[in-house]
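S.K.: only geometry, no sequence info:
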């Protein structure tokens, strides 16, 4: 704690914790062998939309970044917006490690261009369970949480999510505050 924190009672906002994202690649064995979950071949990164001025400045930089990441990883990348107005970069690749690497590269590029504060979450889809399973990574907290929508309206399988938490918390940094386990029902994955 610095003098400024003592005097003013404030702390700087935490920077996005991008590196902890790679824990997902080491958890892939547990996901596959113990839980029967395999990558669905798609992941994505969600960020707050840019203001008009920021968008004009960053648009060509972001497109160059996406082209570079796609060429390096061999992944297919596309930009989309969801119905809530958030921007997404969708990564299609059969290899989970390539998905994670591509998402990390996009996050790093956005941060290097001054848009790190806009990073919200990375999401990876897995098949093999009763319902599709999404592992969501919150950048501000540097932690994952499982999201299992049932396919009925905005319902989720809380029991399955808690079971996944219990089985994965030795492998992944899991968000301990369940009230922060936001559902991403409109994720364009």
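M.R.: Nice, thanks for sending it over. As the structure is a computational prediction, the values presented were derived from the model and not from experiment. Numbers count the residues shown, from 1 in each chain.
S.K.: the spatially most central residue of the chain in helix, strand or coil?
M.R.: Nearest residue to the geometric centre of the chain (C-alpha atoms, centre = their mean): residue 122, 0.8 Å. Using DSSP: H, G, I helix; E, B strand; the rest coil, the structure places residue 122 in strand.
S.K.: what's opposite it in the beta bridge?
M.R.: On DSSP bridges, the residues paired with residue 122 through beta bridges are residue 45, residue 137.
S.K.: list the residues that contact it.
M.R.: 21, 43, 44, 45, 46, 103, 107, 136, 137, 139 (C-beta atoms under 8 Å, 6 or more residues apart in numbering). (Glycine included, C-beta is placed from N, CA and C.)
S.K.: for it, give its distance to residue 155.
M.R.: Residue 122 sits 23 Å away from residue 155, going by C-beta to C-beta, to the nearest Å.
S.K.: may I see the buried residues of stretch 162-180?
M.R.: 164, 165, 167, 168, 171, 172, 173, 174, 175 (16 or more other C-beta atoms under 10 Å).
S.K.: list the contacts of the first one.
M.R.: It refers to residue 164. Applying C-beta under 8 Å, 6+ apart, the residues near residue 164 are 35, 133, 146, 148.
S.K.: re earlier: and which of the buried residues of stretch 162-180 is nearest residue 76?
M.R.: Lowest distance from residue 76 to those (C-beta to C-beta) belongs to residue 172, with 25.7 Å.
S.K.: pLDDT at the closest one, what is it?
M.R.: In this model, residue 172 is scored at 94, pLDDT.
S.K.: how far away is it from residue 21?
M.R.: Taking C-beta to C-beta, one finds residue 172 at 10 Å from residue 21.
S.K.: got the residue ranges for the helices in this protein?
M.R.: Assigned by DSSP state H, the helices in the chain fall at 3-8, 23-29, 52-73, 96-112, 158-168.
S.K.: export those helices to a markdown table and tack on mean pLDDT?
M.R.: Formatted as a markdown table, these follow (pLDDT from 0 to 100):
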| stretch | mean pLDDT |
| --- | --- |
| helix 3-8 | 41 |
| helix 23-29 | 93 |
| helix 52-73 | 70 |
| helix 96-112 | 88 |
| helix 158-168 | 96 |
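S.K.: please work out which of the ones you listed is packed deepest.
M.R.: Highest mean neighbour count of the helices of the chain: helix 96-112, a mean of 21 (counted as mean count of other C-beta atoms under 10 Å).
S.K.: show me what it is packed against.
M.R.: Packing partners of helix 96-112 (3 or more C-beta pairs under 8 Å, 6 or more residues apart in numbering; DSSP states H and E): helix 23-29, strand 38-47, helix 52-73, strand 87-92, strand 119-127.
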